[in-house]
Structure formats: structure tokens, C-alpha cells
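Enquirer: Fold the following.
(one chain, ligands or ions: 1)
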Amino acid sequence: MINERMFGLGAEPSAIRELFAYGLARKAEIGEENVFDFSIGNPSVPAPEIVKKTMAALLEGDPVALHGYSPASGDPAVKNAIAQSITDRFGVPADPAQLYLTAGAAAAIAISLAALSSPGDEIIVNAPYFPEYKVWIESAGCTCVEVPTTVPEFQLDIAAIEQAISPKTSALIINSPNNPVGAVYSRENLEALASMLARKEKELGRPLYLISDEPYREITYGAEVVYVPTIWPRTLVCYSYSKALSLPGERIGYVYVSDLMDNAREVSCAIAGAGRALGYVCAPVLLQKTIAACVDVPSDVAAYAANRERLTRGLADLGYEFVEPQGAFYLWVRALEEDAQAFSERAKAHELLLVPSDSFGVGGWVRISYCIAPEVIERAMPAFAALKAEYDA
Ligand code: PLP
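Expert: Below you'll find the predicted structure:
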């Protein structure tokens, strides 16, 4: 007998991947230039040259040392480099022992959930949210409690989160800059969250943790991205180099248990235990060592900023309603009918691949991923115009 839930997850790809696969097939059929694929968040900016140079130099070194296991939580020298960078950038103490290197933010979040919760607990997510959160939460035996964010700002709705917190709540996942909306939570919003959490912790007599999912931390257009542990010490930062250094296929990131929390050592030990239990040990060593040398290399956001400008200007001129993105590389656009799935299907007829909002936990919107070649946006504009005209007619 196989596990039915796992069978279901394997048999049914995510809406994003399904649309992406459709796009690949369609491109083969009618030509790449005729399909406007806004489905997936694969960075279009190449990894910085220093990444390639570092990897090449590492490959010239001792292969036995390079390709061997590191300790389960990562190479100590790599953890030192990341901890130093955290201290330099955010002015907080960071003990390398509090870092656990992972194959991307995905593994970091799954480990954090397993470490912080027991089966039957509740985890709060803020909708719209990255769909895999629900899969990882349920895999930890927990319930995913969805709380809508405020519209039209898409900030955390503190009163609604307070209402949703129960004696079973063990953690909340927050994601800023946000996928799919592009919102960045303001300092004021996060401070209000922290004071509410402090009150609820007292009331419930149990710790409430924040899992801060930060793969888009570096992809911003001027907004302040607050370092969450300085606002709420009971924070686990789940970071990734997938978007920051355009390395999504290489699978490298980390969980950092903030030194500012009173029980940091205990939580760190649970992280190590969860990594062990899930088999997420010894993140790819070539990438660990590459990161040690590239930890402070800035992200190149110029191409995303230009695409954001190109796309928002074009869609505004056509009369589409959308959320002005402050970060990440996604545009959240109001569907032209209530049923986002139906709207996405009608867009498909114009070769526009837009992800319907339902799998992000809300109806009525689509997500446009703009980490793509600028020409695709330019060429797609007549299709967006024809789609709008169809609804206006
Ligand atoms: N969290 C969010 C919000 C994401 O958008 C993604 C990937 O797109 C991930 C986590 C997973 O990132 P990684 O490639 O680091 O596993």
C-alpha cells in the first residue's frame, strides 16, 4: 500500500508547474516567440560572474575535500561567513551555531515547521500565500489556518491574525517581500504584529514563533525590508540564494534561529533534530563553499525594476487593476471576472499564461511573473489589449 496523500501530491502538480508545463508544450507547438509565459519564478538575470569564478576555482581544488560530506548543519567556515554577514548587515549578534544550511528555503521551512510544531498544532499563513506552505504544514501533521491580508495594501491584518490564534497555534509564516503580491510589510505593520504576539503569548502561556520566509529579501525597489528578528526575537529566518544570486536549481539556503530569542539553543537543537528526521542533512557542499565567498555579493535587480516599470505602465494604460509591487518579481492583477481560473483559461486563448489566484488561497486575481526577457512583455501587450477588449465588449 502506498501513502494516499503522497500519491495525491505527486499526481496533481501545483497550478504554477502545470501552467509552466503547458507553456513548454505550447511553445514547441507554435514557436517560443508566440507564447507569453508569465507562470514561474525562475530568475531571468544570470548568476553574478563571481559565482562562476568561485565554483571554477573550487573545482580545481582537492576533489576529495570538495565533494565530501560536511557536518549535517553545514561547513563551519561557511556558517562563520554567513553569521558575520548577518551581524554586519543587521547589527545583531549571530552565532554560527544557530545556522543550519539547507537545500533552499523550501527545506528550511519544512525543517522549521517540524521543529516548532507537534501533530495537531495550527500554523497561520497570510493569504495570498506561497501554495507549498500548506503542503509542508500538513506534512508536519498540522492544520494550515489562512488569514486574509488587508486589501488593497496587502499588509498583515493584525486583528484578523489575533482572532485566528488559538491555544493550538505554534507558529505563523510571514513572507516579505511577498510572493505572489510583491508587498513588503512595513515596520509599523510588523511592530503591531509583535505587540499583539507578546500579548497573546502571555494570555496563552505558550511561545508563538515567526517563520520569516525571505527568499526575496534582496529583490526590492526602494522599500525598507525590516530584519524581522529585531522586531520579534522568536523568529526563524528562512533564507535562500535562489533569487538573490539567481541559483534556484542549485538548492542552497539556510534556517537561522535568531540569537535574540531566549531559548535559541533549544530551538536550534530541534532544528538539527528535524533536519535529521527529514533527511535534510549536509546541503550541497560545492554550493555551501561558493556561498562563503559570495555572501555579500549584491543582487542585480535592475532588469526586474525595468520589467516592473514596463509591465505596470503597459497594463495601467490598458485599464487593468493591479498592486504596485514593492519587492519580488510578481505582479498581482485583478482578474476581469470573479472566477480567476476561468479568466486564466480565457487568457490562455491569447497565449497569455497567468497563474490563477485560487492556489494562493484567494479568488479573483492572477499572478504575473515578470522575471522574464523584456521582449516577452513588449510582445504580450497586444494580447493583454485583446483580452481586455473581449471583456469590455
Ligand atoms: N518561499 C517562497 C515565497 C517562494 O516563492 C519560493 C520559491 O519560489 C520558496 C519559498 C522556495 O525557494 P527555494 O528555491 O529557496 O527552495
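
Enquirer: any chance you could read off phi and psi for whatever residue of the stretch 51-200 of the chain ends up closest to the ligand?
Expert: Nearest residue of the stretch 51-200 of the chain to the ligand (CB to the nearest ligand atom) works out as residue 104 at 2.7 Å. Every residue, glycine included, has its C-beta placed from N, CA and C. Here the main-chain torsion angles of residue 104 (degrees, to the nearest 10) amount to phi 80, psi 180.

Enquirer: Got the confidence number for it?
Expert: At residue 104, the model reports a pLDDT of 97.

Enquirer: With the one 3 residues further on instead?
Expert: In this prediction, residue 107 carries a pLDDT score of 98.

Enquirer: Once you drop chain neighbours, what's closest to it?
Expert: Nearest in space to residue 107, with sequence neighbours left out and distances taken as CB to CB, 6 or more residues apart in numbering, is residue 280 at 4.7 Å.

Enquirer: Next one: that neighbour from residue 298, what distance?
Expert: Taking CB to CB, to the nearest Å as the measure, residue 280 falls 28 Å from residue 298.

Enquirer: which of these two has more neighbours?
Expert: Higher neighbour count among residue 280 and residue 298: residue 280, with 21 against 9, using other CB atoms under 10 Å.

Enquirer: where does that one land in three-state SS?
Expert: Judged by DSSP: H, G, I helix; E, B strand; the rest coil, the three-state class of residue 280 is coil.

Enquirer: can you check the one 10 residues further on too?
Expert: Assigned with three-state DSSP, residue 290 falls in the helix class.

Enquirer: Touching, it and residue 53? I think so.
Expert: No. With contact defined as CB atoms under 8 Å, residue 290 and residue 53 do not form a contacting pair (9.7 Å).

Enquirer: For the residue nearest to residue 107, give me the pLDDT.
Expert: Predicted confidence (pLDDT) for residue 280: 98.

Enquirer: Number the residues from 661 up from this point.
Expert: All right, first residue 661 from here; so that's residue 940.

Enquirer: Now do the contacts for it.
Expert: 762-763, 767, 770-771, 934 (CB atoms under 8 Å, 6 or more residues apart in numbering).

Enquirer: Those: which two are farthest apart?
Expert: 763 and 934 (14.0 Å; CB to CB).

Enquirer: what about the two, which has more around it?
Expert: Counted by other CB under 10 Å, residue 763 and residue 934 do not tie: residue 934 has more neighbours, with 21 against 17.

Enquirer: Check for me that the more buried one belongs to a helix.
Expert: Yes. Remark: residue 934 belongs to a helix, assigned using three-state DSSP.

Enquirer: any idea how far the ligand is from it?
Expert: With the distance defined as CB to the nearest ligand atom, to the nearest Å, residue 934 ends up 16 Å from the ligand.

Enquirer: what are the bridge partners for the residue of the stretch 811-960 of the chain at minimum distance from the ligand, then?
Expert: Relative to the ligand, the nearest point of the stretch 811-960 of the chain is residue 900 (3.0 Å; CB to the nearest ligand atom). On the basis of DSSP bridges, residue 900 takes part in beta bridges with residue 913.

Enquirer: list the contacts for it?
Expert: Residues 764-765, 768, 874-875, 912-913 are the ones in contact with residue 900 under the rule CB under 8 Å, 6+ apart.

Enquirer: do residue 856 as well
Expert: Going by CB under 8 Å, 6+ apart, the list of residues near residue 856 reads 818, 821-822.

Enquirer: The helix or strand hosting it: which residues count as buried?
Expert: Taking DSSP states H and E as the definition, residue 856 sits inside helix 847-864. The neighbour-count check on helix 847-864 (16 or more other CB atoms under 10 Å) flags 849-850, 852-854, 856-857, 860 as buried.

Enquirer: what does stretch 1004-1021 give?
Expert: With burial defined by 16+ other CB under 10 Å, the residues of stretch 1004-1021 counted as buried are 1004, 1006-1008, 1010-1021.

Enquirer: Those in helices, which ones?
Expert: Those of the buried residues of stretch 1004-1021 mapping onto helices are 1004, 1006-1008, per DSSP state H.

Enquirer: what's the nearest residue to the residue positioned nearest the centre of the chain if we skip its chain neighbours?
Expert: Among the residues of the chain, residue 875 comes closest to the average C-alpha position under CA atoms, centre = their mean, at 4.9 Å. Computed as CB to CB, 6+ apart, the closest residue to residue 875 that is not its neighbour in sequence is residue 900, at 4.1 Å.

Enquirer: Next, find the distance separating that neighbour from residue 987.
Expert: In this structure, residue 900 and residue 987 are separated by 14 Å, where distance is defined by CB to CB.

Enquirer: Please apply the same query to residue 705.
Expert: Distance, residue 705 to residue 987, by CB to CB: 15 Å.

Enquirer: who's more crowded, these two?
Expert: Between residue 705 and residue 987, counting by other CB under 10 Å, residue 987 is the more crowded of the two (26 against 17).

Enquirer: JSON lines for the ones in helices among the buried residues of stretch 1004-1021, including distance to residue 664?
Expert: Putting these into JSON lines (distance: CB to CB, whole Å) gives the following:
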{"residue": "1004", "distance to residue 664": "28"}
{"residue": "1006", "distance to residue 664": "34"}
{"residue": "1007", "distance to residue 664": "34"}
{"residue": "1008", "distance to residue 664": "31"}
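
Enquirer: export those to a markdown table and tack on pLDDT and distance to residue 930?
Expert: As requested, these are exported to a markdown table (pLDDT from 0 to 100; distance: CB to CB, whole Å):
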| residue | pLDDT | distance to residue 930 |
| --- | --- | --- |
| 1004 | 97 | 40 |
| 1006 | 97 | 48 |
| 1007 | 98 | 44 |
| 1008 | 97 | 45 |
